[in-house]
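[1] got a structure for you, letters missing:
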């Protein structure tokens, strides 16, 4: 890649719309928190931990993800995790982030809902001042757990509607269709939450349809399997429902064998509103800038296509129209 193209990618204002805060837990911080909280890790060193990040499937990754998340016990832990992410991506010119968190991951081993929420939101509020990133928070339900558990989690969140903009759906996709959570998402919409959902990553295109038709989502997380259904493709083009695509994640989790096999460029050229994100960057080998760079190198994306992806990230965000246009105009001036 030419240095001027790397500079162009770096200078692009970016919004990150698919980021699991627990997935930003770098091994260095993992060991700090494990020592601070007297949690025994299954790794002998930072490098030993990093060497295990070679996954055969989504479930294989999730097993590691949940194991490492057990070091997050106190408000300060969640604060430190979140602020570290914001500082890191500020250096990559991320201006706005819409961040997932998984309450059930933590409440399952005794962490209070308020503990994680206060830590994350405290960091997000401080991050608006320094390093200057605006943000929103999205509560995700673990789809491999019951709809009853998701409903209990939603009810825990109701007193905090002022700091949670949306609900989402993540974790093991195969065998856990979106329709399983119809009543949960119905209540969430009634309570004023926006709705998004992971669909069409490992699961079939039909899961994308269910997320749209049953859960009434306004954004699809991943969605790369849409290419297998031309009618669905045309629907996504016509409605401009955004897809929050995570290229490095898709390679690490074997959705595509190699980056040159990724369908991002095809979807972009077909006119879908596709965006570039990092998903769980501590585990997948790169934050948002690395995702842009690797995708560009593999698919030979042009400056115009890179700029369109960045514009899409703001168009697809939950920012107001004036803020969206301000960033789009800035991209046009590059």
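    Arrived safely, thanks for sending. In this text the structure is predicted, and so the values were computed from the model without any measurement. Residues are numbered from 1 along each chain as shown.
[2] can you give me the strands for this protein?
    14-20, 94-101, 134-142, 166-170, 194-199, 219-222, 243-245, 274-276 (DSSP state E).
[3] Tell me how many other residues crowd the closest residue to residue 47 other than its chain neighbours.
    Using CB to CB, 6 or more residues apart in numbering and skipping residues adjacent in sequence, the residue nearest residue 47 is residue 27, 7.9 Å away. C-betas here are computed from N, CA, C, even on glycine. Neighbourhood size, residue 27 [other CB atoms under 10 Å]: 21.
[4] What of the one 3 residues further on?
    Burial of residue 30 is recorded as 23 neighbouring residues (other CB under 10 Å).
[5] Now do it against residue 69, distance only.
    Noted for residue 30: a distance of 10 Å to residue 69, by CB to CB, to the nearest Å.
[6] same check, this time on residue 285
    Relative to residue 69, and taking CB to CB, residue 285 is found at 19 Å.
[7] Tell me which of these two has more neighbours.
    Between residue 285 and residue 69, counted using other CB under 10 Å, residue 69 has the larger neighbour count: 22 against 16.
[8] can I assume residue 215 is in contact with residue 195?
    Yes: counting by CB atoms under 8 Å, residue 215 does reach residue 195; the two are 5.7 Å apart.
[9] shared neighbours, those two?
    Both residue 215 and residue 195 are contacted by residue 185, under the criterion CB atoms under 8 Å, 6 or more residues apart in numbering.
[10] For the residue lying closest to residue 160 once chain neighbours are set aside, which residues are in contact?
    Spatial nearest neighbour of residue 160, excluding adjacent residues (CB to CB, 6+ apart): residue 117 at 6.0 Å. Residues in contact with residue 117 (CB under 8 Å, 6+ apart) are 101, 103, 160, 163-164.
[11] Please report how far residue 117 lies from residue 79.
    Distance, residue 117 to residue 79, by CB to CB: 11 Å.
[12] try residue 72
    According to CB to CB, residue 72 and residue 79 sit 10 Å apart.
[13] quick one: which of those two has more around it?
    Comparing residue 72 with residue 79 by other CB under 10 Å, the one with more neighbours is residue 72, at 26 against 19.
[14] pLDDT value on the more buried one, please?
    Residue 72 is assigned a predicted lDDT (pLDDT) of 98.
[15] Please list all residues in contact with it.
    Residue 72 sits next to 22, 25, 33, 78, 81, 106, 111, 116 when contact means CB under 8 Å, 6+ apart.
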